[in-house]
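J.: need coordinates for the below:
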Amino acid sequence: DEPFGPGERGVYYIGPPIDHKRARCFLNEPSHRTHEPVIIERADHPVSRSLIAGSALKVLYRLKDAGYEGFLVGGCVRDILIGITPKDFDVATDALPDEVRSLFRNCRLIGRRFRLAHVRFGDQIIEVATFRAEHGGDEPDLEGSIEEGEGDAEVESELAADPDDRRVLDDRGRLLRDNIYGSIEQDVWRRDFTCNALYYNIRDFSIWDYVGGFADVEARVLRLIGDPETRYREDPVRMLRAVRFQAKLGFTMDPATADPIPRLAALVDGVPPARLLDEVQKLYLSGCALRSHELLRQHRLLEHLFPATAAHLAAEPDGMASRLLRAGLESTDLRARSGRTLTPMFLFAVLLFGPISVAAQRRFDRGLPASQAIAEACDEVVSGQARRISLPKRYSIPMREMLALQPRFHRRAGRKALSLLTHPRFRAAYDFLLLRAAAGAEDPELARWWTEIQDLSQEQREERAEALLPEAGEAGPAKRRRRRGGRRRAGSSPPA
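T.: Numbering: from 1, shown residues only. Now for the predicted structure:
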């Protein structure tokens, strides 16, 4: 049942016959290295041009017509093989970035860690990367970010400022910059997982497989290329990518890929907060937030991304914040799968609600008003969290406003209470109220009242709000009426 056995229909080798499923070829193992791919003919795989975006085909054909090699590579090939519609299409080529730019007027070069060409077609961007060279010995290299669109986008002028400094590493062995180009045979060893190292050739519509990725996709196995510990040290974000692919694809993580993660999880602390923000949004906003969260806890990564949240969940594993977090992530997944809008600020409110509620309670106990206590608690928790994951103000400020509105839902009596319905953050705050009620943190009757009031006319709303006012005999002492006409000066006589 070997899908890559010599002589099988539709599969042929360039070079001597090998058992590709067993004789895997990994980075840092040069004695087992082969540069000969297994080629899967078009008749034996489901990747059709009808499933590829027209803009990606334009890029591939223009590269081919100009005499360059052009391959679809990475996540888009993998997704089509397992029946998922790709969101992005990425291209690998032997053309240098400047040569790619000369072919496309709608092209812009970006990237400092690795120089990439972005070819824009309306709202769609096709990312084109030049094949990268491998390095001998133990010198680390960088997996391409083109499969999932990661990378450090920089303006083109910054790229030209340092053309000779092509490869820079920090003291931990993490790559900061890498612009050394090579061939497809070298490029394949620079990728992260075998399922992401499949190349679709536009010349004959075949798939080129150097590392057994086709078999791993069929077996639903997530396997890192090369020595896992070395690859994780080169780029700790690979551990987060492993979790994301496991959650998103439903693959089983190969034990050799999974085992080092808890031991090396602390390496994530050295990743720039802005890059972690991008990775966290991919983890939680792709329709598999709950599964991703569970895997982050399982692999001991959550405490390095959200230390305050991880500590709170460890102290109260069955508490209100834990129930709210689970309900919030389930709701996020439902919205993502139904194509509804997702707001990162709502996600971070869900993830940080436990620590924020503890910080707010300390302020309640000191006598601060509820809204002020919550706003100050948000600022405190966000300040600490930003040292791990960058939280821009476009997220943190709306989150603080939304949470600070929660106490106002308890004020329902009188027309003035209805002004909450016109607040710019009402909808988000109302959704969070429903979430709190579902988690047992709020009275369901309160949530029901605010749900029903939105469907009434203005007159009906006012009648319902005024019905909650105390009766005249229960209203207590009447407020002292303000004297009209201002204060009289001393010695002046009253008006006649």
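J.: contacts and neighbour counts: CA atoms only from here.
T.: Fine.
J.: residue 204 - how many residues pack around it?
T.: 9 (other Cα atoms under 10 Å).
J.: any idea how far it lies from residue 47?
T.: 12 Å (Cα to Cα, to the nearest Å).
J.: again with residue 299
T.: As judged by Cα to Cα, residue 299 and residue 47 stand 34 Å apart.
J.: with residue 455 instead?
T.: In terms of Cα to Cα, residue 455 sits 49 Å off from residue 47.
J.: who has more neighbours out of the two?
T.: residue 47 (22 against 10).
J.: list the residues that contact the more buried one.
T.: By Cα atoms under 8 Å, 6 or more residues apart in numbering, residue 47 lies in contact with 77, 80-81.
J.: please apply the same query to residue 208.
T.: For residue 208, the contacting residues are 37-40, 198-201, by Cα under 8 Å, 6+ apart.
J.: work out which residue lies at the spatial centre of this protein.
T.: residue 282 (1.5 Å; Cα atoms, centre = their mean).
J.: can you pull the phi/psi pair for the closest residue to that one other than its chain neighbours?
T.: Spatial nearest neighbour of residue 282, excluding adjacent residues (Cα to Cα, 6 or more residues apart in numbering): residue 244 at 7.7 Å. Dihedral angles of residue 244 (phi, psi; degrees, to the nearest 10) stand at phi -60, psi -40.
J.: show me what secondary structure element comes after the longest helix along the chain.
T.: Ordering each helix of the chain by length in residues (DSSP state H) puts helix 344-365 first. Using DSSP states H and E, the helix or strand that directly follows helix 344-365 along the chain is helix 370-385.
J.: what packs against that next one?
T.: Judged by 3 or more Cα pairs under 8 Å, 6 or more residues apart in numbering; DSSP states H and E, helix 370-385 is in contact with helix 344-365, helix 393-404.
J.: roughly how far is it from the heart of the chain?
T.: The chain centre lies 24 Å from the centre of helix 370-385; the measure is Cα atoms, centre = their mean, to the nearest Å.
J.: what does it contact?
T.: Residues contacting helix 370-385 (Cα under 8 Å, 6+ apart): 306-308, 352, 355-357, 359-361, 363-364, 391, 396, 400-401, 403-407.
J.: list only buried entries from these.
T.: Applying 16 or more other Cα atoms under 10 Å to the contacts of helix 370-385, the neighbour count classes 306-308, 352, 355-357, 359-361, 363-364, 391, 396, 400-401, 403-406 as buried.
J.: flag the shaky bits of the stretch 351-496 of the chain, pLDDT-wise.
T.: 471-496 (pLDDT under 70).
J.: one more pass at 90, please.
T.: Scanning the stretch 351-496 of the chain with the threshold set as pLDDT under 90 gives 440-441, 469-496.
J.: can you check the stretch 201-350 of the chain too?
T.: In the stretch 201-350 of the chain (pLDDT under 90), the answer is 318, 339-342.
J.: now the helices for it?
T.: 213-219, 228-234, 237-249, 255-258, 261-264, 273-284, 289-298, 302-305, 307-315, 320-337, 344-365 (DSSP state H, counting those that start in this stretch).
J.: elements contacting the fifth one?
T.: Yep, that's helix 261-264 we're talking about. Short answer (3+ Cα pairs under 8 Å, 6+ apart): helix 261-264 packs on helix 228-234.
J.: again, but for the third one
T.: Secondary structure elements in contact with helix 237-249, counted by 3+ Cα pairs under 8 Å, 6+ apart, are strand 221-222, helix 228-234, strand 252-253, helix 273-284, helix 289-298.
J.: pick the most buried one from the ones you listed.
T.: Of the helices and strands packed on helix 237-249, the one with the most neighbours on average (mean count of other Cα atoms under 10 Å) is strand 221-222, at a mean of 23.
J.: what's it in contact with?
T.: In contact with strand 221-222 (Cα under 8 Å, 6+ apart) are residues 193-195, 216, 242, 245-246, 251-254, 257.
J.: thinking again about what came up before, what helices or strands is the longest helix of the chain leaning on?
T.: helix 307-315, helix 320-337, helix 370-385, helix 393-404.
J.: can those helices go into a markdown table with extra columns for distance to residue 101?
T.: What follows is the helices and strands packed on helix 344-365, written out as a markdown table (distance: least, Cα to Cα, whole Å):
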| stretch | distance to residue 101 |
| --- | --- |
| helix 307-315 | 43 |
| helix 320-337 | 35 |
| helix 370-385 | 40 |
| helix 393-404 | 34 |
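J.: could you point out which of these sits nearest residue 419?
T.: Minimum separation from residue 419 across the helices and strands packed on helix 344-365 (Cα to Cα) falls at helix 393-404, 15.1 Å.
J.: residues of whichever helix or strand comes after the closest one that come out buried?
T.: Using DSSP H and E, the helix or strand that follows helix 393-404 in sequence is helix 426-438. Neighbour-count burial for helix 426-438 flags 426, 428-430, 432-438 (criterion: 16+ other Cα under 10 Å).
J.: closest one of those residues to residue 124?
T.: Among the buried residues of helix 426-438, residue 428 lies closest to residue 124 (Cα to Cα), at 29.3 Å.
J.: what residues are up against that closest one?
T.: 346, 402.
J.: that one and residue 398, how far apart?
T.: Distance, residue 428 to residue 398, by Cα to Cα: 9 Å.
J.: put the buried members of the contacts of residue 208 into a ChimeraX selection.
T.: Burial among these is assessed by 16+ other Cα under 10 Å; the matching ChimeraX selection reads:
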select :37,38,39,40,198,199,200,201
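J.: of the contacts of residue 208, which belong to strands?
T.: Those of the contacts of residue 208 mapping onto strands are 38-40, 198-201, per DSSP state E.
J.: now render the residues you listed as TSV, adding distance to residue 59.
T.: Formatted as TSV, the ones in strands among the contacts of residue 208 follow (distance: Cα to Cα, whole Å):
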residue	distance to residue 59
38	25
39	22
40	22
198	18
199	15
200	13
201	13
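J.: and which of the residues you listed is nearest residue 295?
T.: residue 198 (25.8 Å).
J.: and that closest one, how far from residue 318?
T.: As judged by Cα to Cα, residue 198 and residue 318 stand 43 Å apart.
J.: quick one: the strands in the stretch 51-200 of the chain?
T.: Secondary structure of the stretch 51-200 of the chain (DSSP state E, counting those that start in this stretch): strands located at 70-73, 90-93, 107-110, 116-121, 124-130, 167-169, 175-178, 198-201.
J.: quick check: which of those is buried the most?
T.: It is strand 70-73: most buried of the strands of the stretch 51-200 of the chain by mean count of other Cα under 10 Å, with a mean of 26.
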